[in-house]
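Asker: Take a look and give me a structure for this.
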Amino acid sequence: MASLDLQEIKQKTTKNVLFLSFRNIGIQAVSTIGFFILTILLGTGEVGLFAIVAESVGILGYFSDIGLAGALIQKKDEVKKTDLQTTFVIQQILVVVSLIVISIIFSNIRFSKSYGSKETLIFISLCYSFFIASLKTIPSVMLERKLNFKLISTIDIIENISFYLVAVIFAFLGFGAYSYAIATFVRSTLGIIIIYRFSPWPIGFSFSKSSAKSLFKYGIPYQLNSLISMAKDKFSNIFVAGLLGRENFGILSWAQKGPRIPLSFMDAIMKVTFPTFSRLQDNPEYLKKSLEKSIYFIALFVFPASAGIALVAPSLIYVIPKYTKWLPAIIPLYFYSLNIAIASITSPLTNAFNAVGKITLTTKFMVMWTALTWILYPYFTIKYGFIGTSIATLLVGLSSVVVWIVAKKIFDINILKIIIYPLIGSILMILLVLAFQSLSLNPILTMIGTLIVGLISYALFTFIFSRQQINWFWQQLACFLPKKQK
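Answerer: Below you'll find the model as predicted:
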């Protein structure tokens, strides 16, 4: 690969990661505020209901393109019109079949469980969202191949703002769980209109056997990992929901929401690095450096953020009126926070494996995690309830050490060496915050003090021991600042 191409990829990657990170912070701010307002206005059962239906319909996404979108992104050569239209035809056939199947299943469940209009409308809205999302696949692929994540991110922001704004307004007006359905319709409609306005493509229903064969060669193994992931995550969550019931599953959903906030930074990097790593397959040295830098900055932000959320959550519950109903979610939140920290390091590695074509390796890991999930989740959930589910989640996450070992052999990277300073800094921050919290001040002062002590302690540690990396980061930020006129 020419040095000019490498430099161009480097500049685009850095700018897109930074841009998406800032945008994702905005998205997370909106979604977090919106979610917690909803959890004030709605009961644990209503939150649990939406989570259960969302997980059920979310399964459809794994059957929507059998990995063809990933194959289009990963493809080294230029994507042709026949590739796009062939993918579109196959995807829409799968989408229609999936909708028919899940509608039949839901109808049977609806009568056996005596579901009413509330559950039915939420189901219909999520099916509509799934169908609309399938229509957005090709425009999104085209933008990702061009590394144009600014538009994708802007659409995400508009969708999230519209969803939570509409949901909160209707929940405040007393619509209850119906608020979720109305907001889902609005979000999906806005998203499809905007992406086709700015990223049109020659829609058509043509089919090329050679194109399909080429895409399936990568897409089928890629989608196999997604299907295994579905069995690990979606099916296991639905099974757990059946064991726990709406109320307890709602508590579990609340416990998962906070720890997932820091993943917005990781998602920004993951979104950019897959197509970037795919283009760097023939330059292993630069690929290694890019992977190391990605992991380091993920750890730098995710580790302290996960720890901070776990430390602030108890005070937050006591500060907000009528919020103590979520107090049982605190202990699961601790386990989910630890698991997110582990996942934030593991996900970039499996992302890199996929990007360089080692799909079968990722499949083996997914099989391992799925087996552990279905062994540990039922046992711990039945024995310890929703707390047991969170414990099982952490135990499955700890098995990711195997991935780190394999990454050392393939990419020649030392995970512990990369993350050591963010890890030590986060542990130091936790110890200092716990010492402060032992003063037993009122909840508001405790929450404010926790934030101040945590931020200052981690910032000082990072400035002292990671100054070189921080200087590099500030240099990259400079590309966003307006240049001075001479």
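Asker: number of nearby residues for Ala29?
Answerer: 13 (other CB atoms under 10 Å). All C-beta atoms are positioned from the backbone trio N, CA, C, and that covers glycine.
Asker: Poorly predicted segments of the chain, please.
Answerer: For the chain, applying pLDDT under 70 flags the ranges 1-25, 53-79, 113, 145-149, 210-227, 229-231, 264-284, 472-486.
Asker: now the strands for the stretch 351-486 of the chain?
Answerer: Here the stretch 351-486 of the chain has no strands by DSSP state E, counting those that start in this stretch.
Asker: how about the helices in it?
Answerer: 359-398, 401-411, 415-437, 443-465, 467-477 (DSSP state H, counting those that start in this stretch).
Asker: any chance of those in CSV, plus mean neighbour count and distance to Thr184?
Answerer: CSV is the format used below for the helices of the stretch 351-486 of the chain (neighbours: other CB atoms under 10 Å; distance: least, CB to CB, whole Å):
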stretch, mean neighbour count, distance to Thr184
helix 359-398, 19, 25
helix 401-411, 15, 34
helix 415-437, 17, 36
helix 443-465, 16, 32
helix 467-477, 12, 36
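Asker: a markdown table for those helices, including distance to Tyr323?
Answerer: Converted to a markdown table, the helices of the stretch 351-486 of the chain look like this (distance: least, CB to CB, whole Å):
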| stretch | distance to Tyr323 |
| --- | --- |
| helix 359-398 | 18 |
| helix 401-411 | 37 |
| helix 415-437 | 19 |
| helix 443-465 | 11 |
| helix 467-477 | 36 |
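Asker: For Ile124, find the nearest of these.
Answerer: Closest approach to Ile124 among the helices of the stretch 351-486 of the chain (CB to CB): helix 359-398, 28.5 Å.
Asker: Thought Ile124 was touching Phe106, still the case?
Answerer: No. With contact defined as CB atoms under 8 Å, Phe106 does not reach Ile124; the gap is 9.4 Å.
Asker: ok, these two, which is more surrounded?
Answerer: Neighbour totals were compared for Phe106 and Ile124, and Phe106 leads with 19 against 16 (other CB under 10 Å).
Asker: From Ile122, how far out is the more buried one?
Answerer: 11 Å (CB to CB, to the nearest Å).
Asker: Ok, Gly26 next?
Answerer: Relative to Ile122, Gly26 is positioned 27 Å away (criterion: CB to CB).
Asker: of those two, who's got more company?
Answerer: Just comparing Gly26 and Ile122: by other CB under 10 Å the higher neighbour count belongs to Ile122, 24 against 15.
Asker: which secondary structure elements does the helix or strand where that one lies contact?
Answerer: If you go by DSSP states H and E, Ile122 is part of helix 117-135. Where contact means 3 or more CB pairs under 8 Å, 6 or more residues apart in numbering; DSSP states H and E, helix 117-135 is packed against helix 44-58, helix 81-113, helix 178-198.
Asker: Buried ones in it, by neighbour count?
Answerer: 118-119, 121-135 (16 or more other CB atoms under 10 Å).
Asker: Which strands or helices does whichever helix or strand comes after it pack on?
Answerer: Downstream of helix 117-135, the next assigned helix or strand under DSSP H and E is helix 137-145. For helix 137-145, the elements it packs on are helix 68-74, helix 81-113, helix 149-172, helix 178-198, helix 263-279, judged by 3+ CB pairs under 8 Å, 6+ apart.
Asker: Work out the gap between helix 137-145 and the centre of the chain.
Answerer: Offset of helix 137-145 from its chain centre (CA atoms, centre = their mean, to the nearest Å): 18 Å.
Asker: can you check stretch 101-112 too?
Answerer: 28 Å.
Asker: Report the buried residues of that stretch.
Answerer: Residues 102, 106 are the ones in stretch 101-112 that count as buried (16+ other CB under 10 Å).
Asker: now stretch 324-334
Answerer: Residues of stretch 324-334 classed as buried: 325-326, 328-330, 332-334 (neighbour count, 16+ other CB under 10 Å).
Asker: got it, and stretch 183-192?
Answerer: For stretch 183-192, the neighbour count (16+ other CB under 10 Å) marks 183-188, 190-192 as buried.
Asker: now stretch 352-360
Answerer: Within stretch 352-360, the residues that count as buried by 16+ other CB under 10 Å are 352-356, 358-359.
Asker: domains for this structure, by residue range?
Answerer: Following automatic domain parsing, the chain resolves into domains at 11-232, 244-486.
Asker: Ile238: which of those domains is closest?
Answerer: domain 11-232 (5.5 Å).
Asker: Around the residue nearest to Ile33 when sequence neighbours are not counted, count how many other residues there are.
Answerer: Leaving aside its sequence neighbours, Ile33 sits nearest to Tyr164 (CB to CB, 6 or more residues apart in numbering; 7.4 Å). Neighbour count for Tyr164, taken as other CB under 10 Å: 21.
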